[in-house]
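In: Predicted model and sequence below, questions to follow.
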Amino acid sequence: MRALKEICLGDLFYVACNLRAEEWDNVNAMLGNQTIDSYILRCANAPGPKWVYADDRPWIAGGFVPQRPGVYQSWFLACLDAWSIIPLEVTQVAIERIAFMLDNGAHRVETLCPASNKLAQRWYKTIGLKQEATLEAYCADGTSAVIYARTRGLH
C-alpha cells in the first residue's frame, strides 16, 4: 500500500534517477548544471518539511522550503512510471500536501518552473496553483520562469 513517509537519500536518489528527461532538463535550466548527487543533497539538505510517497519503492518526493514566515516554495519530483501508473495519485498527493501546509502555518505556497515547461504549468493549475507572473531571465540558463502560488483560503 502506498503511503507518505519520511524521506531518505535512497528515496531521493531513486526518484531523481527515474525522472522524465524533460524534468531533468528543467532542473538544470532553473538551477544550472546539476549532477544527480548534488541535486539530491540539495533536496535532502533543504530546510522545511520533506516527504516521499512510496510502497515497495518511492514514487514521488517533495518538500516545502521556507522563504520567510508563512511562505514556502514547493518542490516535487515524480518518477517517470508514476505519471503512467499512478497519475491521479501523483496529483492527489500534491493537492493534499499543499493543503496540509496551508492548514498548518503557511499562508502561501509557491513554485517556479521554466516558462517553456507547459506540461508543468498545466499540472500546477490542476493542483490548484494560480499563475502570478513571468520572471524574465530568472533561470540559471538565462531563460524566463513562471511563478505559481496558492494562498490560504483559496483552496
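Out: Sure thing, it's come through. Numbers count the residues shown, from 1 in each chain.
In: Strand partners (parallel or antiparallel) of the longest strand along the chain?
Out: As assigned by DSSP state E, the longest strand anywhere in the chain is strand 58-68. Paired with strand 58-68 in the same sheet, following DSSP bridges, are strand 50-54 (antiparallel), strand 71-78 (antiparallel).
In: List phi and psi for G142.
Out: When read as degrees, to the nearest 10, the backbone of G142 gives phi 90, psi 0.
In: Could you report the neighbour count for it?
Out: 9 (other Cβ atoms under 10 Å). Using the backbone N, CA and C atoms, a C-beta is placed for each residue, glycine as well.
In: Could I have the CA atoms of stretch 123-138 written out in PDB?
Out: This file holds the C-alpha atoms of stretch 123-138, laid out as PDB (Å, rounded to 0.1, in the frame of the first residue of the first chain):
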ATOM      1  CA  TRP A 123      -0.300  20.500 -13.900                       C
ATOM      2  CA  TYR A 124       0.200  23.400 -11.400                       C
ATOM      3  CA  LYS A 125      -3.200  24.700 -12.400                       C
ATOM      4  CA  THR A 126      -4.700  21.200 -11.900                       C
ATOM      5  CA  ILE A 127      -3.300  21.100  -8.300                       C
ATOM      6  CA  GLY A 128      -4.800  24.400  -7.500                       C
ATOM      7  CA  LEU A 129      -1.900  26.800  -8.100                       C
ATOM      8  CA  LYS A 130      -2.600  30.100  -9.800                       C
ATOM      9  CA  GLN A 131      -0.200  31.700 -12.300                       C
ATOM     10  CA  GLU A 132       1.100  35.000 -10.900                       C
ATOM     11  CA  ALA A 133       3.900  36.300 -13.100                       C
ATOM     12  CA  THR A 134       6.600  35.600 -15.600                       C
ATOM     13  CA  LEU A 135      10.100  36.300 -14.200                       C
ATOM     14  CA  GLU A 136      12.200  37.500 -17.100                       C
ATOM     15  CA  ALA A 137      15.700  35.900 -17.300                       C
ATOM     16  CA  TYR A 138      15.200  34.200 -13.900                       C
END
